[in-house]
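K.L.:
any chance you could fold what I've pasted below:
(chains A and B)
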There are 2 protein chains.
Amino acid sequence: MSSEAAFIQALRAIATHPAARGLCDDAAVLEFGGETLVMTHDMMVEGVHWLSGQDPADVAWKLVAVNLSDLAAKGAEPVGVLLGYTLGRDDARFLHGLQQALDEWQVPLLGGDTVGGNAAQQAIGLTALGRATCQPVPSRSRARIGDAVWLTGPVGAAMLGFEALRDETGADSAAFRRPAPRLIEGRALAPLVTAMMDVSDGLLLDASRMATASDVTIALVSDDVPFPPTLPPARADDALRWGDDYELLFTLPAGTEPPVHATRIGVVMERDDSPVLLDGAVPHGRLGYLHD
Amino acid sequence: MSSEAAFIQALRAIATHPAARGLCDDAAVLEFGGETLVMTHDMMVEGVHWLSGQDPADVAWKLVAVNLSDLAAKGAEPVGVLLGYTLGRDDARFLHGLQQALDEWQVPLLGGDTVGGNAAQQAIGLTALGRATCQPVPSRSRARIGDAVWLTGPVGAAMLGFEALRDETGADSAAFRRPAPRLIEGRALAPLVTAMMDVSDGLLLDASRMATASDVTIALVSDDVPFPPTLPPARADDALRWGDDYELLFTLPAGTEPPVHATRIGVVMERDDSPVLLDGAVPHGRLGYLHD
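P.N.:
Now for the predicted structure:
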């Protein structure tokens, strides 16, 4: 087990409030006043979550997008964000991208904190707050045997974008740099799904998390998984394990059609030895992106 | 102007939602579900906000305390926190201090994010959410001419604690390591004050911020400012400029007595050339802790 996994495991012993959902979900869900508040906080660290040479405007965009993606997975409507920022090499570019992302999704910046002092490594965080639009708020844990498993879009585009950027090939890298949270899709799906989450760390890994939370096995069919048209067939295996695409993975009762564009990629089965099966077998190797 | 100040100034152009209070207050204040949500996010960076050799349990405690102090300044009741954490050299000690602080103030951990990958410099952030207990929620901007200026406790203890720790003198450093947010005092004061804030960056600097936000001048009397009994008289000037004590600075109409222990340290005057006066004169030098 990585030290990150061990730390999160220890945090779970502290996070006993039901709103924390055992730290096993995309966001915390808290009754507040007469409504339901959905909250998430994601950090990004230079050299870990972005390449040191990347445009800070893209980094800002992505910081907003990944947090709003967690709200999308709950079908929540964003109400605002708080920014934690350590000054970097081009703060004006960061602000430009921040403004673009907030404008794009019509989300207000409500507050936060700025730290100066020449940090050796830039670390930034964002808290996103949202308003639940339906009850119960979707979770990862209610997939039921016999449900169909769906995905809102292809996986692998962010991987190709990252490689284009890293290798400076000049190929399109927008999918990695400027992901779009599936807010509209999440709201439309929330009243219908049995379980929902965003795919941030790899389809196989995130599917296994949903399956574990629901105590089922998710059986995926690789030929049914959508990939970007530019993906070389030999990279399909990698694309199933790469994150950063921020599509929504969800389950619907058999026979229910999703109200948004989505592809059926598998079925929910009784719990087997493995939480996820690919073409009927246990997937080989790592399932996705696990920080060491 | 420091680059941090320039960045915050640029952020203000983005943070136009009224809940952001122009990024000039301790926290954001948002109507939600028929109640009022108070939100704050503070970051701490190794080597900037704590000494590299410090006990991570103290760092965790302080991260919680400084955020809850912002809620205290709004008279808010804490409802939960979200943690952004990069793994450090002793995560178990950090968790120990986190648990201690959350237990002390009975605040649940609701979620957050953990980043591994050997960060060169540890950066951590906390978002604290609270419920306002009275309307209007106190701000910095409503101090009125003729009001008395009050402080809930001494300034300078954190400075002495920091120096004891840095110089390894063995003297008591608890005031720096384990500050206590004035949550009870904040709630008792909130319905009465005209303005309130916590003193995090230095009494003179924070008083000048309150004065600027209220478009008044705050005239302080140095002999009336409470100092810890261990403060050498020659250090009084420094103590007025050092932060980290997290006492509440507030204004009350003349004749109103505070319902909690506090010391009257000055008066609110018509706006003068300087937002803050000390013993009738413009204070010399820097007013407090400004990050470069």
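
K.L.:
quick one, what contacts residue A:169?
P.N.:
residue A:163 (CB atoms under 8 Å, 6 or more residues apart in numbering or on different chains). Using the backbone N, CA and C atoms, a C-beta is placed for each residue, glycine as well.

K.L.:
any idea of the pLDDT on it?
P.N.:
Confidence at residue A:169, expressed as pLDDT, is 95.

K.L.:
that one belongs to a strand, doesn't it?
P.N.:
No - assessed with DSSP: H, G, I helix; E, B strand; the rest coil, residue A:169 is coil; it does not lie in a strand.

K.L.:
what is the neighbour count of the residue of the stretch 1-150 of chain A found nearest chain B?
P.N.:
Nearest residue of the stretch 1-150 of chain A to chain B: residue A:33, at 2.6 Å (CB to the nearest CB). When neighbours are counted by other CB atoms under 10 Å in any protein chain shown, residue A:33 registers 14.

K.L.:
and what of the one 5 residues further on?
P.N.:
Using other CB under 10 Å, residue A:38 is surrounded by 28 other residues.

K.L.:
next, the angle strand B:35-45 makes with the helix or strand containing it.
P.N.:
Using DSSP states H and E, residue A:38 sits in strand A:35-45. Taking axes from the mean of the first three to the mean of the last three CA atoms, to 10 degrees, one finds strand A:35-45 and strand B:35-45 inclined to each other by 10 degrees.

K.L.:
hmm, strand A:35-45 touching chain B?
P.N.:
Yes - residues of strand A:35-45 contacting chain B under CB under 8 Å from any CB of the partner chain: A:35, A:36, A:37, A:39, A:40, A:41, A:42, A:43, A:44, A:45.

K.L.:
and that strand, what does it pack against?
P.N.:
Here strand A:35-45 touches strand A:28-32, helix A:56-73, strand A:123-132, strand B:76-86, strand B:109-115, strand B:123-132, going by 3 or more CB pairs under 8 Å, 6 or more residues apart in numbering or on different chains; DSSP states H and E.

K.L.:
re the thing from before, list the contacts for the residue of the stretch 1-150 of chain A closest to chain B?
P.N.:
Contacts for residue A:33 were tallied using CB under 8 Å, 6+ apart; they are B:32, B:33, B:34, B:35.

K.L.:
now the buried members of those.
P.N.:
Buried by 16 or more other CB atoms under 10 Å in any protein chain shown: residue B:32, out of the contacts of residue A:33.

K.L.:
can you say which two of the contacts of residue A:33 are spatially most distant?
P.N.:
Pairwise distances among the contacts of residue A:33 were taken by CB to CB; the largest, 8.0 Å, belongs to B:32 and B:34.

K.L.:
now the common contact residues for these two.
P.N.:
With CB under 8 Å, 6+ apart as the test, residue B:32 and residue B:34 both reach A:33, A:35.

K.L.:
so where do the helices sit in the stretch 151-292 of chain A?
P.N.:
In the stretch 151-292 of chain A, the helices defined using DSSP state H, counting those that start in this stretch lie at A:157-166, A:174-177, A:183-189, A:203-214, A:236-239.

K.L.:
how about the fourth one: buried residues?
P.N.:
Of the residues in helix A:203-214, A:203, A:204, A:205, A:206, A:207, A:208, A:209, A:210, A:211, A:212, A:213, A:214 count as buried by neighbour count, 16+ other CB under 10 Å.

K.L.:
cool, and stretch A:188-208?
P.N.:
For stretch A:188-208, a neighbour-count test (16+ other CB under 10 Å) marks A:189-190, A:192-208 as buried.

K.L.:
out of those residues, who's near chain B?
P.N.:
Among the buried residues of stretch A:188-208, no residue sits close to chain B (CB under 8 Å from any CB).

K.L.:
pLDDT-wise, which helix or strand of chain A ranks last?
P.N.:
helix A:3-14 (a mean of 90; mean pLDDT, DSSP states H and E).

K.L.:
helices or strands next to that one in the packing?
P.N.:
helix B:91-105, strand B:109-115.

K.L.:
quick one: name the residues of the stretch 101-250 of chain A near chain B.
P.N.:
Residues of the stretch 101-250 of chain A lying close to chain B by CB under 8 Å from any CB are A:102, A:108-117, A:119-121, A:123, A:125, A:127, A:129, A:131.

K.L.:
okay, now the nearest residue to residue A:106 once chain neighbours are set aside: neighbour count?
P.N.:
Once flanking residues are discounted, residue A:106 sits nearest to residue A:78: 7.8 Å by CB to CB, 6 or more residues apart in numbering or on different chains. For residue A:78, the count of nearby residues is 22 (other CB under 10 Å).

K.L.:
next: residue A:168.
P.N.:
When counting by other CB under 10 Å, one arrives at 9 neighbours for residue A:168.

K.L.:
measure it to residue A:54 for me?
P.N.:
12 Å (CB to CB, to the nearest Å).

K.L.:
just residue A:24 next, same as before
P.N.:
31 Å.

K.L.:
do residue A:190 as well
P.N.:
To residue A:54, residue A:190 is 33 Å away according to CB to CB.

K.L.:
follow-up on the earlier one: among the helices of the stretch 151-292 of chain A, which is nearest residue A:64?
P.N.:
helix A:183-189 (11.5 Å).

K.L.:
and that closest one, what's its mean pLDDT?
P.N.:
Helix A:183-189 shows an average pLDDT of 98 in the prediction.

K.L.:
what does that helix contact?
P.N.:
Contacts of helix A:183-189 (CB under 8 Å, 6+ apart): A:68, A:71-78, A:105, A:133, A:138, A:152, A:196, A:248, A:250, A:258-262.
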